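A.B. asks: Quick one: sequence plus predicted model below, questions after.
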Amino acid sequence: MMSGGPPEQQKLYRIAFARNCMALLVRAQSRMKPRRLRTAEEPHITGEIIREAQEIVESELAEAWMDHIEIKDDPPQNVAGLVGKKRPRIDFEFVQVGRGRRPRFHIEAKRLYRSDSVNEYFGDGGLLMFVKGLYAADWPSAAMLGYVQSDDCAIWLTRLADGLKARSISLRVLKPSPEWKSAMWSGDGLNDVKISHHNRSKERLGPIAIYHLLLRFC
């Protein structure tokens, strides 16, 4: 998958790249025994997903597009004014390997297991990291990943939809686009992926599209 070409073609490539990354996460989770992780902390679950995903892309049965994907676990992000251990770390970084500038797709993960999980999902360590430009500053899209450890995905999707609406101002939800809508993907376990659009705090960065995927671990 190449990243060059006219803007509209680049947009389509970007969407395909994002979809492939998220489909890989779903496939990795399907190889696991998720209920064993119903009380696990986020880094534990993330590490297990990445381990499974790496085995998939390195398998002899890997699909052709997987040859160009590199997966990074908790890599530090370069942010002006923050150096060394002060650099923020994103949970997942997918890199499209090739010549020239390599496209990246960033995903932040949060557990969904208690009443204040919605706050964490949208808060300073969650989606706001993208809005503030601390994550994915150079890219037009990224994703939030929810690890569902109580109730079910449908219930949490409703809670997140309500939570986004209630925080539309602080999250700089882009108007007039809907606050929370389907990504219109089908198959590969991605039917329920949602998307929201946000203006970033630094206007020079432009808006960012955030995909939302929930994986069940209960």
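C.D. replies: Looks like it came in fine.

A.B. asks: mind listing what L160 touches?
C.D. replies: V118, Y121, G146, W180, K194, H212 (CB atoms under 8 Å, 6 or more residues apart in numbering). Every C-beta, even on glycine, is put in place using the N, C-alpha and C of the backbone.

A.B. asks: Out of these, which one has the weakest pLDDT?
C.D. replies: Ranked by pLDDT, these bottom out at W180 (93).

A.B. asks: Need the single longest helix in this structure, by residues.
C.D. replies: helix 7-30 (DSSP state H).

A.B. asks: Start from the N-terminal end of this structure and give the strands.
C.D. replies: Counting by DSSP state E, the chain has these strands, from start to end: 69-73, 92-96, 104-112, 141-148, 181-182, 194-198, 208-216.

A.B. asks: what's the closest of those to M129?
C.D. replies: Evaluated over the strands of the chain, closeness to M129 peaks at strand 104-112, with 6.3 Å, by CB to CB.

A.B. asks: Can you dump the C-alpha atoms of the closest one in PDB for me?
C.D. replies: The C-alpha trace of strand 104-112 is given here as PDB (Å, rounded to 0.1, in the frame of the first residue of the first chain):
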ATOM      1  CA  ARG A 104       1.800   5.500  11.100                       C
ATOM      2  CA  PHE A 105      -1.500   4.600  12.800                       C
ATOM      3  CA  HIS A 106      -1.700   5.200  16.600                       C
ATOM      4  CA  ILE A 107      -4.100   3.600  19.000                       C
ATOM      5  CA  GLU A 108      -4.700   4.300  22.700                       C
ATOM      6  CA  ALA A 109      -6.400   1.600  24.800                       C
ATOM      7  CA  LYS A 110      -8.500   1.900  27.900                       C
ATOM      8  CA  ARG A 111     -10.200  -0.600  30.200                       C
ATOM      9  CA  LEU A 112     -14.000  -0.300  30.400                       C
END
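
A.B. asks: what helices or strands is that strand leaning on?
C.D. replies: helix 7-30, helix 42-57, strand 92-96, helix 117-122, helix 128-131, strand 141-148 (3 or more CB pairs under 8 Å, 6 or more residues apart in numbering; DSSP states H and E).

A.B. asks: Helix 42-57 and the longest one, what's the angle between them?
C.D. replies: Read it as helix 7-30. Inter-element angle recorded for helix 7-30 and helix 42-57: 110 degrees (by axes from the mean of the first three to the mean of the last three CA atoms, to 10 degrees).

A.B. asks: Show the average pLDDT along helix 7-30.
C.D. replies: pLDDT averaged over helix 7-30 gives 94.

A.B. asks: Excluding its own residues, what touches that helix? List them.
C.D. replies: Against helix 7-30 from outside (CB under 8 Å, 6+ apart): 1-5, 49-50, 52-53, 56-57, 65-66, 69, 71, 92, 94, 96, 103, 105, 107, 140-141, 143, 145, 185, 188-190, 193, 211, 213, 215.
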